[in-house]
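Participant: Just the structure for this:
(7 chains, ligands or ions: 2)
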Amino acid sequence: MITELVISALVVIGGLFCFAAGLGVLRLPDVFNRMHASTKAATLGSGMILVAVAVLFGESTIIARAVAAILFLLLTAPVAAHLIGRAAFRTGVPMVEDTACEPGVAEALRKRAGGQKLP
Amino acid sequence: MSWLLVYPIVIPLLTAVLTYILRHNPAGRWISVAGTLALLLTSIMLLASVIRDGVIAAQMSDWGAPFGITLVADYLGAVMVVITAITGLATVVYCIGEIPERLERQGFFALLQVLLMGVCGAFVTGDLFNLYVWFEVMLISSFGLLVMGGTREQLDGGVKYVALNLVSTVMFLAGVGILYGITGTLNMADLHLAVREVENTGLLSSVAVMFMVAFGVKAALFPLFFWLPASYHTPPIAVSAIFAGLLTKVGVYALIRVFTLIFDQDVGYTHTLMLWLAVATMVMGVLGAAAMNDFRRILSFHIVSQIGYMVLGLALFTPLGLLGAVFYLVHHIIVKANLFFIAGVAKRIGGSTDLSKLGGLYAHAPVLAFLFLIPAFSLAGFPPLSGFWAKFLVVKAALDAQMWVVAGIALAVGLLTVFSMTKIWGAAFWPDHPEGAKPRLGDIPVFERLAMMLPIGALALLTCVIGLFPEPFVNFAEIAAGQLLDPSDYISTVLGVQP
Amino acid sequence: MTILDYAILVAFVFVILGIVLAAVRLFRGPTLADRIVALDMMTVQLVAFGALMALLSRDAAFLDVAVVLALVGFLATVCLARYLEQRILLKAEERE
Amino acid sequence: MAGDYPKVERVMGGPAGWVSILFPAILFTYFLNLLPEVVEGPVTAGFDWVPALGVQMSVLLDGLSMMFALLITGIGTAVTLYSCHYLGDHPHYPRFVCYLLMFMVGMLGLVLANDLIALFVFWEVTTISSYLLIGFNADQASSRRSALQALLVTGAGGLILLAGLIVLGSIAGTFRISEILTQGDMIRAHPAYGAILILFLAGAFTKSAQVPFHFWLPNAMAAPTPVSAYLHSATMVKAGVFLMARMNPVLGGTDAWFWILILFGGVTAVFASVMSMRQTDIKQVLAYTTLMALGTLTMFIGAGTHYAIMAGMLFLLVHSLYKAALFLMIGIVDHSTGTRDATVLRGLSKAMPLTGIAAALAALSMAGIPPLLGFVGKEYMYKAGMDLPGLGAIWVTLMTFAASALMFAAGGIVAWRPFRGELAETPHHAHEGSWPMLAGPLVLGALSLIFGLFPGIPGHFLIGPATNAVEGAVHEVHLHLWGGINMALFLSILTFIAGWLLYRNHEGIRARLAAFEARSPIDFDAGWDRLLDGFKDFAGWLTGIVQNGNLQRYLAVTFTTFAVLVGGTYLVRGAFEVGPRLIQLGAHPVQWSVLLLMIAGSFLVVSTTSRMTAVAGLGVVSVGVAMVFIMFSAPDVAITQLLVEVLIIVLVTLVMLRLPYLPPRSELHFRFGHAIIATSVGAVVTLVLIAMLSGPFDRKLTDYFEQTAYPEAHGRNIVNVILVDFRALDTFGEITVVAIAAIGALALLRGIKTRNTGNQNGSEEA
Amino acid sequence: MQSLILTTATRLLVALLLVFSVYALLRGHNLPGGGFIGGLIGATAFILYAIAASVDEARAALLVDPSNIAVAGLGAAAIGGLASVLAGKPFLTGLWLFLGASEGGKGLPLSTVLIFDTGVYLAVFGGILTLVFALEEET
Amino acid sequence: MNHFAVNLILAIAWVALTGSLTLTGLLTGFVLGTAAMWLVRPLFPRSRGYFARLYFWCRLVVMFVYELFVSSLSVAKDVLTPGQNSKPALLEVPISVTTDLQIALLSNLVSLTPGTLTLDVSEDRKTLYVHAMFASDPEQIRWRIREHLELWIRDATE
Amino acid sequence: MELLLAITTGVLTAVAVYLMLSKNLLRYLWGLVLLSNAVNFVIFLGGRLTPGAPPLIDEGDYAPAGEVANALPQALVLTAIVISFGLMAFALALIYRTYMTLGTVTSTEMRIAEPRPRKPESDE
Ligand code: NA
Ligand code: NA
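Facilitator: Ligands and ions are numbered 1, 2, ... in the order given. So this is what the prediction gives:
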């Protein structure tokens, strides 16, 4: 019963985060702000629901898969945000007006990155 | 379980695998020849086996019909496999003379083998969805072959070919899905039984027409044939030849199979519709041929026209009509592939396939001229060549069915076919070359000449043999037509094979 | 129906709403980057959707959808972002 | 042309020449040997060719076919002998021999066939070989044109004939001619008789060049002269006559037969003889007189009485003898002088006396002057004509008279005038022909004389049996040179007088005819050109519309066809059905949202002008599709769908960098027609799905899979078990598709030389 | 694409994806997965690699030309199907060998079906990489 | 990582002994193995680092999850409440971690934690460019990254 | 729901067809992708819909415990998805190559293989 309540809570809160993420992406003023919503809230929401799955089934293989999915999300979401953000900045996507920009940041971001290679 | 039914699929595949891996090695092409030879031998064994034992079937994966996929060969299926192997062998040999090494290194021969695999698969499968899969195998390899080399013409033609064929593919798939949704089965023999249980016959007819349209595109029926004249004149000629010989025939084969085995419950409606589509196809094809001024484009439009005859035979849905359709199918593959081969040699020595840029072949390449006349007159339906019997059978079937107008149109189209064949003869062969060139066969290096002329001669010989000794072929086609009209053997064999 | 079932249904509605809202952003744009963000987030939300389905049907098979999507959804985003960036580089090249 | 070739070096044309001569000669001897036997009654022999279709390769050697066989082989010998000298040094002489022998075989087969289909086979062989022979001088456009004309006209007739043969064979229940010949009454009473008659006559009239299908024959004179002599006078053109004669017992004897034949025949005869007066080229004169003969023969076969048939058969022989001789003679003249112009040639008898003799004999026979066989023929024609009942008698007699008188004049023009008077200047110096060339005309001319003097010989051996064969009855035939003083003789004398007058004034007549022709709106030859051009234009116009190179149109037609045919069938065959299950099953709001999401995504793809937005829209649809698969228990499919979607985005983003933008919104206007097509297709799909879903469903395959998947196929994922076991063959094909798609695309992408960085004129958002 | 963050994440992800793809292949007979899905996931691994580093490096890591892998996959599938000849069974019939079978379970399964599915994996994997590498090298 | 390898071998040995080839078995084996190694840690030179590393990794994960939760809440609050109170800014954040793994980890953590999103790393790998959503006090953000995130990462990875 | 999905399939088909009728080959391609999705639904609907019960056999069972979704159409759809992906990928490569060689992705501008007839009057 307790587990059920815990799972229910996880599921509902996770769902709420997903919804909040959607709303954030819709409501927030520019693409960078929107990315905050998508990267954090959506990842957390999905993660919580995955945790709920792990708890509900309680089998090791399923737990492993749920944990793997969560890890994948945590690993990829910020990388994706970084790539989109950088590209968006470089393509000159407009920012909300009152965005403060520290000196040098804009130039540095626009610069083409030097080649890094995989080992 | 007869492995003879599996060989037509597996042999080309393994040949393709080997030739692709060895694509940078001249041995690749010889493996291709050897593989096709093996295909021919086994397919002849398959035919012999069918003639000896009647319909043969094999269950793949050892599951009983209708649960697993059945491969099955009746007379029609078996002979189509043999013809495929013959055309394939002719093409592979011809390619050795025609195809540049550059294409060979890109996997040309592997694609060719996969094409054969798809075509053979389509002929031996007894499962509707599996037929779709083979159609796709065939289609994708034909895409590759069509644009390989990447000339401007090829790409233009290729775009149209791909765009229209993909549409037909989707229609076919939708038809399969709906038929499955109605009957719950995919095995064609089982479908034959299942459609009789269906209460909504109107829906069945609608699905039948859906198949008619989908296969109509494949077979190049009016008004769905556009892709064919738009593309068949663009690739390397060996590719044109095997396309012309085989691909549309798979569409016709599928029409025959589906409209004898499955959709025979509303013949008065579906087959009448098909009849008029066939008539329009004959007429439009031949008019197109009359309007063209290029060797291959004339031949391409002719395919359309001749498809009309075959489908007409099916649409009449009489024993003689189907006999004619089967006979026509076999005859046309041989003749049409050969004409394209000849066009290739003409291009090689005359420098073009544009009739206004060709000439002098009659004077300087008499062997080629002679070898052209045989398939050309055969195509035009002159006796005593194979095409005469084909036309005779279809026209007789129409007359016997008291379809006077249809028979009349079929005959008139025959005359126009003569006209457009002589257009080639009267422009590329008889007159002198416009630039005064003397196109001689001797200009081609011996080895390549041999590779190109051998298939031409062999296919011409085959045309003559069928024309002069049609009896065994007619008998064969008669049995094939009988099996199509009364598929009880087919069904009992397919559903009777249990693991 | 247990509390959990209700919870799952509520979560379903939330997630679907989230996806729809993201879709609205995707439709509205205005920039390609916005659409990419929206699409990226839809894939993450779809992970939640798959997991919820696993909960609803008590069948872990749907979890696999979530796992795979969590793994490869990223690739689409990478490619789209890369496209965005390279298009600018390409334009710069043309100007040079 | 013959004159262009260097002087004869190889006398017999090499081995090809010998073969070409021996072949007909041996056959001629063979048939001559059989003659006594055939006089007693028809001989049949043969074997089954295509028993499945009831087709035999069998021979019916009766009087009719015997006469034709002898003419074919006999004249054939003369012509081949002649041509080995005439063309022996031509570089394509062996081909010529091939075609000629092929023709001979065709013609022989045609007349000997005892099977309608076999007859047709040989009929077409003659068509093909004559095409090749007429076009023998292939480097000349006129030859090619004439060859094509002959091929198409006779080919058209042949195809119509084929229909007739098939229908006749079906009615008679056999293709055997000897059997059909006994069923005349049944066939004449059959409702299809009229159709058969028209179909047969169409074949016969085109082959035998009856007005208005005559125009190809004079043009066919583009062929080398031996060919003209052989094909276009003695043999091929008579194939139609042969067919009518052959079918007379079956199709003849009705009013329709009678009137059609005598009208067409009579008109052809007179028209042709008038036209012959118009010509200056003596070969053309002869060509028209051939037409006249064909008309006359048709007329007499149509007349159908015993006398008429006999007259017809006799005239057939007469004509073959003199016409072949005349053509060969002209060939010699042409060969020798380099011209065939009647206005130029004069006084040749001095330079080429033997040719002159041959010409004289033939021309006298043609003019119908006793004691040549032509005279006998004409007498019998008059007799037969006057013998007819009613109006037919007047028509046939008049036509015969007119034609004969004109023939008389034509004979003068062709074979009298060129040899009389002082030798005129010609391109080459006139000299006598060589013996192989002279042998034919001389022998044929002599035969005209001998047979004229002793008409009993041909009467007994040839004309009698032939007449009996045509009539399908047995009469004794006795021919006489002198038939007594009667109306026929009187008409003959009148003919001479009229003919003489015509000959005297032929230059004036020619001038008037030329003037008339210039004013006349009817010109068959030009009409042919217009017909052919019109056809080509029509074909080009229609093809230009249908196959117009526009993919957009092709797709529109394809989809329209789908919508119209499938939708039409759905409506016409009443497929609509809504099952209770379909209505009962509700939908959850979550499901609604997913479906709306997909639809919205698809509309985004349509409405956007940005390519990547479209890709994003596709992504939305794909997400929706995956959700549907998830909701309805298809995790494997959902995974695959998502993976594929990701890969599509990968590929598209790779490619899109170099591809051009979509056109700006201004060019992306709404296409109402397309929308209608699209909506129809969508509606048809939905309607079909509704009907499908309303019916019951048979789950037997799936039940089996569920029961056996684990116990027998050792797998718990039924979908995967189906993929790798139950339906592994599908998968086998499928991976082939993927691998080959990759190889094909690789071949496409390797070595693109021209780089296009893209015309980025469109708009796309940042 | 030059990004330190991506490159570093890719190192981890590629390994994960490859392992996961083999996992999907092996358990596909019993749970969602199989040759297709495995092959597709495996391909995404190398695509990511090619994007983060370069196609050349991805090719080098792959050792074999991807189109050859695809074709070899076809061959493997055919061989998996033909193996049933040895048992006198029809084409593509699965032959199973259970190591350590007991009352409770079937034991560790080895089968020709797995060979076939591996062929599927390779064909899909190789095919997709062929396509992507060719396009990637184009642009 | 040879300690980790030993631990893994122990886990596999456990699985082999118990005959349960499952993930639970493996995890149990790993935990037991860790415990065993800890017990006999004098046999493993420098093993103290190994156990510390394990601890720091755990701390990293826990802290990270906590931060993620907080950051998500803050975003959700901003989104769900009417009006906007964000004060976005683009910031330069000097960093001291050096290895690829550390930098990547840091940037990920920055992205997943409240109010910040890594846009790029400078070419000299010494600066992180960060988009901050609530940047009324940039120094505070820089401090948090330096003193929290960098520290956790360094502890776990060095 | 089956009815709704049938209607959705129809709408997707219609949108796909509209896109495919565009002269821009990229739009054709989008249409093709949509149409493939639609036809997958057709097959999927053919087997009827079953929510929440994937066709898997639980550990310890020899057959599915309750009613599970129809596995066959799923296998067919899976096959169809992969095949249409292969075809789509090839089509994309073809469009790309065509653009590189012909310089256009507008199908109405592609008149190389079927040049306009020489006679001006039969020109459109
Ligand atoms: Na020419
Ligand atoms: Na993501």
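
Participant: helix or strand right after the longest helix anywhere in chain A?
Facilitator: The longest helix of chain A (DSSP state H) is helix A:60-90. Using DSSP states H and E, the helix or strand that follows helix A:60-90 towards the C-terminus is strand A:100-101.

Participant: and that next one, which strands flank it?
Facilitator: strand F:89-94 (parallel) (DSSP bridges).

Participant: Would you mind checking the average pLDDT for the strand it pairs with?
Facilitator: Mean pLDDT, computed over strand F:89-94, is 85.

Participant: Is residue B:49 in contact with residue B:7, as I believe?
Facilitator: No - counting by Cβ atoms under 8 Å, residue B:49 does not reach residue B:7; the two are 11.2 Å apart. Glycine gets a C-beta too; all of them are placed from N, C-alpha and C.

Participant: Show the pLDDT at residue 64.
Facilitator: I'll assume chain A. For residue A:64, pLDDT reads 82.

Participant: Correction: the question concerned chain G.
Facilitator: Per-residue confidence (pLDDT) for residue G:64: 89.

Participant: Please, which helix or strand holds it?
Facilitator: Using DSSP H and E, no helix or strand contains residue G:64.

Participant: and residue E:114, what is it in contact with?
Facilitator: When contacts are counted by Cβ atoms under 8 Å, 6 or more residues apart in numbering or on different chains, residue E:114 touches E:26, E:29, E:80.

Participant: for chain G, what are the nearby residues on chain C?
Facilitator: Contacts of chain C with chain G, taken as Cβ under 8 Å from any Cβ of the partner chain, map to C:53, C:56, C:57, C:59, C:61, C:62.

Participant: Now rank these by neighbours and give me the top one.
Facilitator: Within the residues of chain C next to chain G, residue C:62 tops the neighbour count with 29 neighbours, counted by other Cβ atoms under 10 Å in any protein chain shown.

Participant: Assess the claim that it and residue C:53 are in contact.
Facilitator: Yes - Residue C:62 is within contact range of residue C:53, at 4.2 Å (criterion: Cβ under 8 Å).

Participant: what number of residues lie near residue 75?
Facilitator: If you meant another chain, say so; for now it's chain A. By other Cβ under 10 Å, neighbour count at residue A:75 equals 20.

Participant: let's do chain G instead
Facilitator: Other residues close to residue G:75 by other Cβ under 10 Å number 29.

Participant: so does stretch F:128-139 get close to chain C?
Facilitator: No - judged by Cβ under 8 Å from any Cβ, stretch F:128-139 stays clear of chain C, getting no closer than 12.6 Å.

Participant: Could I get the average pLDDT for that stretch?
Facilitator: 84.

Participant: swap in stretch B:326-346?
Facilitator: pLDDT averaged over stretch B:326-346 gives 95.

Participant: repeat for stretch D:419-439
Facilitator: Mean predicted confidence for stretch D:419-439 is 85.

Participant: gap between the two ends of that stretch?
Facilitator: Using Cα to Cα, to the nearest Å, one end of stretch D:419-439 lies 19 Å from the other.

Participant: the more surrounded of residue B:49 and residue B:7?
Facilitator: Ranked by neighbour count (other Cβ under 10 Å), residue B:49 and residue B:7 place residue B:7 first, with 21 against 16.

Participant: wait, the more buried one sits on residue B:42?
Facilitator: Yes - contact criterion Cβ under 8 Å: residue B:7 and residue B:42 qualify, at 4.0 Å.

Participant: Where is the longest helix in chain C?
Facilitator: Max-length helix for chain C by DSSP H is helix C:61-95.

Participant: Kindly tell me how buried residue D:335 is, as a neighbour count.
Facilitator: Other residues close to residue D:335 by other Cβ under 10 Å number 21.

Participant: overlap in contacts of residue C:62 and residue C:53?
Facilitator: Residues touching both residue C:62 and residue C:53 (Cβ under 8 Å, 6+ apart): residue D:630.

Participant: helix or strand for residue 36, which one?
Facilitator: All of this refers to chain A. According to DSSP H and E, residue A:36 maps onto helix A:31-36.

Participant: Not quite, go with chain E.
Facilitator: Using DSSP H and E, residue E:36 sits within helix E:35-52.

Participant: Could I get the average pLDDT for that helix?
Facilitator: 92.

Participant: which secondary structure elements does it contact?
Facilitator: Counting contacts by 3 or more Cβ pairs under 8 Å, 6 or more residues apart in numbering or on different chains; DSSP states H and E, helix E:35-52 is packed against helix C:61-95, helix D:635-656, helix E:4-27, helix E:55-62, helix E:112-138.

Participant: Could you check the angle the last one makes with helix D:635-656?
Facilitator: So that's helix E:112-138. Taking axes from the mean of the first three to the mean of the last three Cα atoms, to 10 degrees, one finds helix E:112-138 and helix D:635-656 inclined to each other by 20 degrees.

Participant: now swap in the first one and tell me
Facilitator: Relative orientation of helix C:61-95 versus helix D:635-656 (the same axes, to 10 degrees): 0 degrees.

Participant: Give me the helices and strands touching helix C:61-95, please.
Facilitator: Judged by 3+ Cβ pairs under 8 Å, 6+ apart, helix C:61-95 is in contact with helix A:43-57, helix A:60-90, helix C:32-57, helix D:611-631, helix D:635-656, helix E:4-27, helix E:35-52.

Participant: and the third one, is it in reach of chain A?
Facilitator: Spelled out, that is helix C:32-57. Yes - using Cβ under 8 Å from any Cβ, helix C:32-57 reaches chain A at C:32-34, C:36-38, C:40-41, C:44-45, C:47-48, C:51-52, C:54-55.
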